[in-house]
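Asker: Sharing a sequence plus its predicted fold:
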Amino acid sequence: MNPVAGLWPLPAALATPAVSPRGATAARDFEASLIGNLLESLEKTFASVPGQEPSPGSDEYNYIATRALAEVIASHGGFGIAALIGRHLPAHEGKGEVVSSGSRDPAALPKVPSTPADRTR
């Protein structure tokens with residue numbers, strides 16, 4: 001335990017709001033996807049030698065390796081995108097409507113306002 005940490009309480013304005021585990025996982029997965037796309041693009045650009053034929057199945061192995069590397073990078077902080085999302089996520093969590101997938105009654109579904117594009121069909 002850090003003895004200094006218990007002496008001064010952190011002001012509420014500086015406290016980082018708690019992110020739900022589900023939100024943190026979604027933010028980390030999103031960042032891993034972005035990092036994976038970047039790594040995949042770099043791998044396709046720099047991994048091939050002009051005039052050399054790729055070996056059978058190399059694209060699949062490269063994809064698996066790239067995705068695994070992206071997930072590890074994201075799980076260790078990545079570029080900080082997940083942290084940024086995590087800071088802003090608590091302010092928006094719980095504001096959307098949740099519809100149970102078990103209900104098949106159309107009356108139980110939320111009413112969605114029509115748009116001008118819907119009326120032209």
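Answerer: Nice, I can see it.
Asker: only C-alpha atoms for contact and neighbour calcs from this point on.
Answerer: Will do.
Asker: in the longest helix along the chain, what counts as buried?
Answerer: Determined from DSSP state H, the single longest helix within the chain is helix 21-46. Neighbour-count burial for helix 21-46, counted by 16 or more other CA atoms under 10 Å, picks out 23-24, 27-37, 39-40.
Asker: At which residues are the helices of this protein located?
Answerer: 21-46, 58-75, 81-88, 116-119.
Asker: Rebuild these as CSV, extending it with mean pLDDT.
Answerer: Compiled in CSV, those are given as follows (pLDDT from 0 to 100):
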stretch, mean pLDDT
helix 21-46, 89
helix 58-75, 90
helix 81-88, 88
helix 116-119, 60
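Asker: Adding distance to Gln52 as columns, could you present these in a markdown table?
Answerer: Converted to a markdown table, the helices of the chain look like this (distance: least, CA to CA, whole Å):
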| stretch | distance to Gln52 |
| --- | --- |
| helix 21-46 | 13 |
| helix 58-75 | 13 |
| helix 81-88 | 37 |
| helix 116-119 | 52 |
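Asker: sorry, back to before: who are the packing partners of the longest helix of the chain?
Answerer: helix 58-75, helix 81-88 (3 or more CA pairs under 8 Å, 6 or more residues apart in numbering; DSSP states H and E).
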